[in-house]
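Q: Any chance you could fold what I've pasted below:
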Amino acid sequence: MKPYLLLSSVLLVFTVPGASYTYRNYEDGDQCAGADIKKDCDDREGIPCYVAVNGPKEGHVVAGFIVMTMPRKLSKKEEAAVRAKLPDPEKKGIFGYINEVVKQRVYVSDGHRGKGIGTTLMNHAIKLGQEKSDCLAMTLRVRQDNPGAIKLYKSLGFQHVMDDWPFFFFALIYKH
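A: Sure, this is the predicted structure:
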């Protein structure tokens, strides 16, 4: 299997009806209170960060963002745990990864939580994986002491595949 990077060449911008957030790829100058978005998203190769901007008039004020990697080389232990959940564990393919909290994240600023931003950002990442016919699963780590995030990920179809203290390792299995 040849390694490659999924590149997004289409600028994705849309507004969710009933919400005042615009969703698009990261742009130079974007700022997010409480997070070093420039460090996570500037000069990123492959899939760009995807951001929620608090209304079209706010310009570069980001309310939330997601960072993901595809393809992602999983550890042997991680790959075995995910493959155990696949209908065909021997199937060749790649894995996507929604980068973990701390340095890289699905991040929603204080004051913007509970408004569907995290769900919308996650759905974008899930869709990118679904569009790749050779992507077997989208994976992520979540802190074991974060019940809100665990509930969100399970509601989106992710399943717990492995413990990796202090994290759980989750996977959403694609049915291509």
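Q: show me where this structure has strands.
A: 14-15, 22-25, 50-53, 62-66, 68-69, 94-98, 106-108, 135-143, 159-164, 167-173 (DSSP state E).
Q: wait, which of those strands is closest to G114?
A: strand 106-108 (8.7 Å; CB to CB). All C-beta atoms are positioned from the backbone trio N, CA, C, and that covers glycine.
Q: what is the mean pLDDT for that closest one?
A: Averaging pLDDT along strand 106-108 yields 68.
Q: what's across from the closest residue to V62 other than its chain neighbours in the sheet?
A: Take V62 and drop its neighbours on the chain: the residue closest to it by CB to CB, 6 or more residues apart in numbering is C32, 4.0 Å away. Note on C32: beta-bridge partners by DSSP bridges are A35.
Q: burial count for C32?
A: Using other CB atoms under 10 Å, C32 has 25 other residues around it.
Q: I'd like to know how far it sits from C49.
A: Using CB to CB, to the nearest Å, C32 is found at 10 Å from C49.
Q: Give me the common contacts of these two.
A: Common neighbours of C32 and C49, using CB atoms under 8 Å, 6 or more residues apart in numbering, are F65.
Q: For G118, give me its contacts.
A: G64, V106, V108, A149, L152.
Q: do H60 as well
A: Contacts of H60 by CB under 8 Å, 6+ apart are E27, G29, D30, Q31, V53.
Q: so which of these would you say is closest to F169?
A: D30 (29.4 Å).
Q: circling back: could I get the strands of the chain as TSV with mean neighbour count and distance to M122?
A: Below are the strands of the chain laid out as TSV (neighbours: other CB atoms under 10 Å; distance: least, CB to CB, whole Å):
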stretch	mean neighbour count	distance to M122
strand 14-15	12	15
strand 22-25	18	12
strand 50-53	25	10
strand 62-66	26	7
strand 68-69	23	10
strand 94-98	24	7
strand 106-108	25	6
strand 135-143	23	9
strand 159-164	15	14
strand 167-173	21	9
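Q: Alright, calling it a day.
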